[in-house]
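Visitor: Below is the sequence, then the predicted model.
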Amino acid sequence: MRRSAVVLCGATVVLAGAVTAVPAEAGTSGTAATALSAKVSWKKCGTENHPTLQCGSVKVPLDYAHPKGRQITLALSRVPHTAKTYQGPLLVNPGGPGGSGLGLAGFVASNLPKAVAAQYDVIGFDPRGVGQSKPALDCAPGHFNPVRPPSVPNTPAIEKANLERARSFAAACGRKYADVLPYINTINAVKDMDSIRGSLGAKKINYFGYSYGTYLGQVYAKLFPDRVRRLVLDSIVDPDGVWYDANISQDYAFDARQKALMAWIAKYDSTYRLGTNPARIEAKWYAMQAQLAKTPAGGKVGAAELEDTFIPGGYYNGYWPDLAKAFAAYVNDKNAAPLVAAYENLAAIDASGDNGYSVYTAVQCRDASWPRDWRQWQKDNWAVYKKAPFMAWSNAWYNAPCAFWPTKTLKPVNVANSKLPPVLLFQATDDAATPYQGGVTVHRLLKHSSLVVEQGGGNHGISLSGNACLDKYLARYLTDGTVPRGHGTADAVCKKLPDPEPQEAQPAKASSLTGASTPAPAVSGGGTLHGLLGFRG
C-alpha cells in the first residue's frame, strides 16, 4: 500500500483455508449502531474537482462489547444527492486494509452517470485507525526508508536483517498501541460501517467496495443482511484465503503480470531497445536488480526498492510506459534518473503510507491465524520463489510482522449468504492483487449475485476505469437494481481495454491523492482511480 496526503476540508486526508461460523465478537445484526444516535454534522469542504463535497465525523465505540466505553472518531466525506428521487447513502471504500475512502466519494460521484450519482449521498470514510480517523496508527515511522535489505534471503545475514525488521515492527505496534490493536480488525470496521448507517438515519445502505473493500462488503452483508439494499464488489477478495493463503496466491499472479509487462516491452523493441524475447528481457530485469543490490540508484533504489517500483505495474498497466522507459534508460544508457523518478512517484513511502501499512498489518494479523513458526514461511515462500520469483519474498516480508504479532487472532467469517437482494460483482480474469478465483468463489457463496467478468483484463479495480461495457452494468444496477443473469461461471463478459502504447507515456506526475505516478489521461480513464486505490491492497 503506497499513499501520500492531500488537504481536504482543512484536514489532511490519506488517499489506500477453511472458514468457520461468525466469531462471537461479531455479535448480532442488531447491536452495532445501538451506541450511536447522533447524526453527522456536515460542513463544506469542496475542492476544485468536487465543489459540493462535505466533511463530517462520527464517534463509535472502540470496543462494541462496551458501547459506552472509550470512543474513537471516524472521518467521513459526502457528496449529497441532488435529484428528487433519493436512493439513500452509497458508502464507498477503496480497499487496503489501510486505505482512505474520503477522496473516493468525490471520484465515484463524478464518474457515475450524473443522473445516477444524483440519486445517492455518496459517503466516503476513513476506517478506524486510518488517516483522519482518530486515533490514526503509525507504528514505526520511516519503516520503509531506503535502502532496505534485499528481499530474497540468499544469505543468513539478509534473512536475519529482514526478520529483525519484521519483529521490531510488530513489537513497536504492540508497545505503542497495546490498548487499540485488539480492536483493529475487519469485524469492527464492519460494525463501524453500520454505525455510520445509523448516524445517517438510514434503515439500509448501498455499498460499493474495491479490493479489500469487497471483503468489508462480504462481512457486512453476513452480519447485517437485512440492512443491505445494493452491494457492488469490484476486484474481489477470496474469503477462503484470508489472509496467509491469499498472499501466496498473489505471488503467482503478480509474477504473471510482470511477465505480461516483459512481453509488452518486447512488442515495442523499436522504442525500448531491450529485445524481442520476453524471457531475455526478464533476465535483463533481474540482472538490473542484482546490480542495484550492489549499487543502489541515486542512493535510494536498491533491490527491494526496485520490486516496490514495479509492483504497481501489476495493479495497473497504465504505469507500464513509465516503467519500461526507466528500465530501458538504466540498461541501455546507464541512466538511473528515470528509475529514481519512478521509485519516488510510485513507491516511496511518506507518513501517510506508514499509517496505511500500520493499519494493514493490524487488520490482517488480527483477522486470521498466521504461521508462528518461521520455518513454515521459509518452506512456503521458497517453493513459490522457484516458480514465481518476482514478488514472492517481497510479499513475504511485507506480511512477516504477522508471524510475531502481539495480539491473538480471530477466525475468518463464513460469508456464505442466501439472505441478500441481487448483488453485482466485477472481476478481471488476470487481476494479480485479487486473483480471478476470488470472484468465482464469492459468486458461488452469495446466492443472488451476478458476476461480470473482464476477459483478459489484468488491472485491479475495473469499473469506473474507462470500460463502457462494465460501467453500463454498474449504472443499470445503481439505477434500479437490475443485474445480468447468464449461464455458467459469468453472467456477463466484457472485453478488456487495449494495453497502453509507448507514445502515450508522459513524464510521471505525482498524484495529488496518493503520491503515485498518474499516467497521461490518454492511457485510460483508470489513472485517477488507481491512484486512489493505492497498492498492496
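Guide: Yep, it's here.

Visitor: So which helix or strand of the chain has the lowest pLDDT on average?
Guide: strand 11-14 (a mean of 31; mean pLDDT, DSSP states H and E).

Visitor: Can you name the element that comes right after it?
Guide: Counting by DSSP states H and E, the next helix or strand C-terminal to strand 11-14 is strand 43-44.

Visitor: helices and strands around that next one, which ones?
Guide: Under the contact definition 3 or more CB pairs under 8 Å, 6 or more residues apart in numbering; DSSP states H and E, strand 43-44 sits against strand 54-61. (Glycine included, C-beta is placed from N, CA and C.)

Visitor: contacting residues around the strand it packs on?
Guide: 8-9, 11, 35-36, 38, 40-46, 67-80, 102, 128, 132, 191-192, 195-196, 199 (CB atoms under 8 Å, 6 or more residues apart in numbering).

Visitor: Which parts of the stretch 301-450 of the chain are strands?
Guide: 423-428, 449-455 (DSSP state E, counting those that start in this stretch).

Visitor: Save these as TSV, and put in mean neighbour count too.
Guide: Shown next, in TSV, are those (neighbours: other CB atoms under 10 Å):
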stretch	mean neighbour count
strand 423-428	27
strand 449-455	23
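
Visitor: so which of these gets nearest Phe390?
Guide: strand 423-428 (18.7 Å; CB to CB).

Visitor: starting at the chain centroid, how far to that closest one?
Guide: Mean C-alpha position of strand 423-428 versus that of the full chain (CA atoms, centre = their mean, to the nearest Å) differs by 16 Å.

Visitor: For it, list the C-alpha coordinates in PDB.
Guide: Taking C-alpha atoms only, strand 423-428 is exported to PDB below (Å, rounded to 0.1, in the frame of the first residue of the first chain):
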ATOM      1  CA  VAL A 423     -25.500  -8.300  -5.700                       C
ATOM      2  CA  LEU A 424     -23.300  -7.100  -8.500                       C
ATOM      3  CA  LEU A 425     -19.700  -8.500  -8.800                       C
ATOM      4  CA  PHE A 426     -16.900  -7.300 -11.100                       C
ATOM      5  CA  GLN A 427     -13.700  -9.300 -11.700                       C
ATOM      6  CA  ALA A 428     -10.900  -9.300 -14.300                       C
END
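
Visitor: List the pairing partners of that strand within its sheet, with orientation.
Guide: strand 228-234 (parallel), strand 449-455 (parallel) (DSSP bridges).

Visitor: returning to what we had before: please identify which of the strands of the stretch 301-450 of the chain is closest to Thr479.
Guide: Nearest of the strands of the stretch 301-450 of the chain (CB to CB): strand 423-428, 11.7 Å.

Visitor: outside of the closest one, which residues touch it?
Guide: Counting by CB under 8 Å, 6+ apart, 221, 230-236, 434, 436, 438-440, 442-443, 446, 448-454, 457-460, 462-463, 470, 473-474, 477, 483, 496 sit against strand 423-428.

Visitor: Just the buried ones among the residues you listed, please.
Guide: 221, 230-236, 434, 436, 438-440, 442-443, 446, 449-454, 457-460, 462-463, 470, 473-474, 477, 483, 496 (16 or more other CB atoms under 10 Å).
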